[in-house]
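J.: Need a 3D model of the sequence below.
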Amino acid sequence: MSFGNSQVNVSAHQPPQTVRANGIDICYEIFGDAAAEPMVLIMGLGAQMIHWDDDFCRQLAARGFRVIRFDNRDIGKSGKLSGGKRLTAVELLKLRFLRIPIEAPYKIYDMALDVIGLMDALGIKSAHLVGASMGGMIAQEIAISFPERVRSLTSIMSTTGNPKVPPPTRAATAVLMAPPPASKEEYFDRYAQTWKVLRAGSFPQDEALDRARAERTFERGLNPAGVGRQLRAILASGSRKKRLASVKAPTLVIHGTVDPLVHPQGGKDTAASIPGARLLMIEGMGHALPIPMWPQLIDAIDSHAHAASAMATQ
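T.: Just a heads-up that it's a prediction; the model follows:
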């Protein structure tokens, strides 16, 4: 199978497997040749690994990477935890205005340890890390706490945790705080509505796939309580802004100009906090990875990772 001028060995695709990492079962999947440079894709809040679309992963693999995607703890086919009540508006107000911390069963650092555990289990000493939204936060934490494990860092539609970054739009906040759907059909409707808000624009190719994507996500298993714990982890982890000054990994920050969930200032703040980071603002992109923007996203990730590798060998 070819994409542009690149070739990828389709037979190198390994179906989902589960491994024990950091005391948790982590479900992962690999695209690309075993000898290629490892690239770990880290997804966001409540999002299963399949939100890194199959074809998106194949196209990255075609650029010469061994692409690993996985379900974060508490989501998809990975291990489920317990504890943590549903987040309340009162807690959010206390956090925002009084700086009273939110309690959480685990934090972003623990999720970073999951990634390190997965890399250990797969025999990967270091990898290119690509994180979206909460995944960007996890990737940032790895770059801070485990710098030797990071060949390059790409943080997409994420933020530093800096409380000065403007909050989500009302519509995006409503999506985030909505109670779990009560039925399968309600879930499918909610899925389409949620992504309409997050994409912040008209993307017919993606809209045509919403039903199939929702069905696949539903079949792999939902865990609303786990999403709540992940959200608590984000809010309880505080700001990484000052600590990001220690990051040595070559860093690319990508953000959409119309992101309704993580304000574009979140991306700008991330790039400003990491020495030498490059910022790519994508016009018209919201809080999603829509198909028409894949060429720009994949080119940017590919160029950045390969440039980091070339620099490391000099």
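J.: what distance separates stretch 159-166 from the middle of the whole chain?
T.: 17 Å (CA atoms, centre = their mean, to the nearest Å).
J.: can you pull the buried residues of it?
T.: The neighbour-count check on stretch 159-166 (16 or more other CB atoms under 10 Å) flags 159, 160, 161, 162, 165 as buried. Every residue, glycine included, has its C-beta placed from N, CA and C.
J.: Averaged pLDDT, stretch 85-100. What do you get?
T.: Per-residue pLDDT over stretch 85-100 has a mean of 69.
J.: nope, stretch 179-187 is what I was after
T.: Rounded mean pLDDT across stretch 179-187 is 92.
J.: First-to-last residue distance for it?
T.: The first and final residues of stretch 179-187 sit 11 Å from each other (CA to CA, to the nearest Å).
J.: buried stuff in it?
T.: Using 16+ other CB under 10 Å as the test for burial, stretch 179-187 gives 181, 187.
J.: and that stretch, how far from the chain's centre?
T.: Computed by CA atoms, centre = their mean, the chain-centroid distance of stretch 179-187 equals 24 Å.
J.: any residues touching it, and which ones?
T.: Contacts with stretch 179-187, where a contact means CB atoms under 8 Å, 6 or more residues apart in numbering, come from 189, 190, 214, 218, 222, 224.
J.: May I have the secondary structure class of residue 161?
T.: Using DSSP: H, G, I helix; E, B strand; the rest coil as the criterion, the local structure at residue 161 reads coil.
J.: my guess is it contacts residue 239, does it?
T.: Yes - using CB atoms under 8 Å, residue 161 is in contact with residue 239, at 4.0 Å.
J.: Can you list the strands that the helix or strand residue 26 falls within pairs with?
T.: Following DSSP states H and E, one finds residue 26 within strand 24-31. Partners of strand 24-31 in the sheet, by DSSP bridges, are strand 14-21 (antiparallel), strand 65-70 (antiparallel).
J.: ok, which stretches of the stretch 51-200 of the chain are helices?
T.: Applying DSSP state H, counting those that start in this stretch to the stretch 51-200 of the chain gives helices spanning 54-62, 89-93, 108-121, 134-145, 170-177, 184-199.
J.: most tightly surrounded among those?
T.: helix 134-145 (a mean of 26; mean count of other CB atoms under 10 Å).
J.: what angle do that helix and helix 108-121 make?
T.: Angle, helix 134-145 to helix 108-121, by axes from the mean of the first three to the mean of the last three CA atoms, to 10 degrees: 80 degrees.
J.: now helix 134-145: how far from the chain's centre is it?
T.: Offset of helix 134-145 from its chain centre (CA atoms, centre = their mean): 10 Å.
J.: can you list the residues that contact it?
T.: 41-45, 72, 108-109, 111-112, 115-116, 129-131, 149-150, 153-161, 230, 234, 237, 240, 243-244, 246-249, 251, 270.
J.: Repeat the analysis, applying 7 Å as the threshold.
T.: 42-45, 108-109, 111-112, 115-116, 129, 131, 149-150, 153, 155-158, 161, 230, 234, 240, 243-244, 246-247, 249 (CB atoms under 7 Å, 6 or more residues apart in numbering).
J.: now stretch 157-176
T.: With contacts defined as CB under 7 Å, 6+ apart, stretch 157-176 is touched by 131-133, 136-137, 194, 197-198, 237-241, 244, 255-256, 259-263, 265-267, 269-270, 273, 287.
J.: Many thanks, I have nothing further to ask.
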